[in-house]
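Trainee: sequence and predicted structure, then a few things I'm wondering about:
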Amino acid sequence: MTAAPIEQAAPVVAQPMRETFTDHVSAALDADPRLAVVLADISSDRFAAAARRHPDRVVNLGIREQLMIGVAGGLALTGMRPVVHTFAPFLVERPFEQVKLDLGHQGAGAVLVSSGASYDGSYYGRTHMAPGDVAVLDSLPDWTVHVPGHAAEVVPLLDSALRQDGNVYIRLSERGNAAARPVGPGLEIVRSGSGRSSGVVVAVGPMLDRVLAATADLDVTVAYAATVRPFDRDGLSRLAAGAGQADVLVVEPYLEGTSAHEVAAALGDRRHRQCSLGVRRDTEVRGYGTPADHDRAHGLDTAGIAARARDFFLV
Amino acid sequence: MTTAPPLTRYADLPALIGLMTGDEKHQIAAESTREVLWVLYDRVLDVSPETADDPDRDRFLLSKGHGPMPYYAVLAAKGFIDLATLRNWAEFDSPLGHHPDRVLVPGVEISSGSLGHGLGLGVGTAMGLRAQGRTRPRVFVLLGDGELDEGSNHEAIAAAGRLGLDNLTAVVVDNDSATHGWPGGIGGRFAQEGWEARSAPGRDQPALYDALTDPHPGRPLAVVARVRPKG
């Protein structure tokens, strides 16, 4: 194995995504009478002014997460567009049967906006971590899942979610990239490899800057995804076809392998290799500390990604 | 040639239920809801096949989705479902199964089956109507006393009471099937949270009608309909 050079670690940039979300939706409530916000105490202070203007459309139910999703389903059945928000584990995992039955199964749609990501609140411990949120939602059909990597990406993603009627999950984080990227439905090429390149790296949301730094000395194409469901299978297929090898590394900020089945489906017509990086699923990392500590524990810091990218591509 | 009279009366419900077979397990639960369903659709709810998509219709949400035969029978008697549909119920391509599916059956407001989902959906529906200034339509949710074991109901009961959702009525058909019972009574659970709570004999149609329709300004209404305990 080639000795890995010491990488210049990419800084993780603080992102005011939650503020961007609450400010933008508060303003949108004034313009769109169809919108409603459903809360379970979390962030209710940030919606206080909007609640005074729209007491029937900004509702804090108290710490009642099952009801939060049920109410969203009922609101949608009357033709409204509910936006539901709390920390990721309490939005997706705790009321998962309501997400499954009170939304999709009813033919009702809502916009679920979480904060906290996999371990933004690392010091709170495991109860406030939700690395499995996207994987759990991925067991249901017809969900759109956005994972913005910069606060400025939140507004266009929100606007598209508020305009439609389907089920949308927007996974906010306090940590991300130095610059915003375009957030279309497909993979966005950030760095192109040569025709003889080692393959393709897909960086999801907040992982991009780290992936760019970690793969700086590799001949690979790096593509960015702020939308992971539906997954851009056609885009990945084209990128892999243009690379020297159909080898794909996916770096996701949540449970490792969450999108492995999408990669397999995208490349099912050819021989290929794939590798998944993300929050480890073989063990519970039982630690507090900082999010950076958890990046290292999961191999999601620049050095960890660089080492595993080399292992995968330089065979 | 004479045409058979349409089956549209209360007295026709047994015949309509007879068109469906094979639901032995839920027979008793099914029977417990017959009069409540009839009173609602015959005298209380302002909804018909023609207004099934009208935003100002009354809504009926069957939360206790098991034992749906009387529900299907009432919907058939009121013209929401073709009689022929009843005959092949629970077959693969029938819209009618052992738990109702709103996507498949016109007039069915929610898909239910897993207990404890209807009241939360009903609270959201009542809130959505209120937020849109639709003051006329009412929302009725039918639950079972056993179903109240599910904690999700208690999130909904507390919030609906505090929010003063007076366009919402919960009908709890009480056949004493909750394993650990409700000491002090079911109505008290609702009253404590700010609901108007009433009870009525579950087979007494005039009493049910009064309980369901007497005004309850500023507060949601809970009607406990008592029927013979599940044997």
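Mentor: It's in. Residues are numbered from 1 along each chain as shown, chains lettered A, B, ... in the order given.
Trainee: which residue ranges of chain B form helices?
Mentor: All helices of chain B, identified by DSSP state H, fall at B:13-18, B:27-32, B:34-39, B:69-77, B:83-87, B:118-131, B:151-163, B:186-192, B:205-213.
Trainee: among those helices, which is the most enclosed?
Mentor: A comparison of those by mean neighbour count, using mean count of other C-beta atoms under 10 Å in any protein chain shown, puts helix B:118-131 on top with a mean of 29. For the C-beta atoms, the positions are set from N, CA and C on the backbone; glycine is no exception.
Trainee: show me what that one is packed up against.
Mentor: Other elements packing on helix B:118-131 under the criterion 3 or more C-beta pairs under 8 Å, 6 or more residues apart in numbering or on different chains; DSSP states H and E are strand A:35-39, helix A:65-77, strand B:59-62, strand B:139-144, helix B:151-163, strand B:168-174.
Trainee: and the spatially most central residue of chain B, what are its bridge partners?
Mentor: What sits nearest the mean C-alpha location of chain B, by C-alpha atoms, centre = their mean, is residue B:142, with 3.4 Å. On the basis of DSSP bridges, residue B:142 is bridged to residue B:62, residue B:171.
Trainee: hmm, it is touching residue B:66, no?
Mentor: No - Residue B:142 lies out of contact with residue B:66 (C-beta atoms under 8 Å); the separation is 11.7 Å.
Trainee: now do the contacts for the closest residue to residue B:213 other than its chain neighbours.
Mentor: Spatial nearest neighbour of residue B:213, excluding adjacent residues (C-beta to C-beta, 6 or more residues apart in numbering or on different chains): residue B:44 at 6.1 Å. By C-beta atoms under 8 Å, 6 or more residues apart in numbering or on different chains, the contact set of residue B:44 is B:58, B:140, B:209, B:212-213.
Trainee: swap the cut-off to 7 Å and go again
Mentor: Residues in contact with residue B:44 (C-beta atoms under 7 Å, 6 or more residues apart in numbering or on different chains) are B:209, B:212-213.
Trainee: now these as TSV including distance to residue B:172 and pLDDT?
Mentor: Listed next are those as TSV, based on distance: C-beta to C-beta, whole Å; pLDDT from 0 to 100:
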residue	distance to residue B:172	pLDDT
B:209	17	98
B:212	12	98
B:213	17	98
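Trainee: just curious, which of those is nearest to chain A?
Mentor: Closest approach to chain A among those (C-beta to the nearest C-beta): residue B:212, at 20.2 Å.
Trainee: and the pLDDT at the closest residue to that closest one other than its chain neighbours?
Mentor: Spatial nearest neighbour of residue B:212, excluding adjacent residues (C-beta to C-beta, 6+ apart): residue B:44 at 5.3 Å. On the pLDDT scale, residue B:44 is placed at 98.
Trainee: could you do residue A:2 as well?
Mentor: Per-residue confidence (pLDDT) for residue A:2: 48.
Trainee: kindly report the residues of chain B close to chain A.
Mentor: Proximity of chain B to chain A (C-beta under 7 Å from any C-beta of the partner chain) is limited to residues B:55, B:102-103, B:110-111, B:114, B:117, B:120-125, B:127-132, B:152, B:155-156, B:159.
Trainee: ok, now which ones touch residue A:130?
Mentor: Neighbouring residues of residue A:130 by C-beta under 7 Å, 6+ apart: A:88-89, A:92-93, A:116, A:118.
Trainee: kindly recompute the last result at 6 Å.
Mentor: Residue A:130 is in contact with A:88-89, counting by C-beta atoms under 6 Å, 6 or more residues apart in numbering or on different chains.
Trainee: wait, isn't residue B:139 in contact with residue B:126?
Mentor: Yes - using C-beta atoms under 6 Å, residue B:139 is in contact with residue B:126, at 4.7 Å.
Trainee: for the stretch 151-300 of chain A, which residue gets nearest to chain B?
Mentor: Proximity of the stretch 151-300 of chain A to chain B (C-beta to the nearest C-beta) peaks at residue A:165, 14.0 Å away.
Trainee: that residue touches residue A:110, doesn't it?
Mentor: No - assessed by C-beta under 6 Å, residue A:165 is found out of contact with residue A:110, at 9.6 Å.
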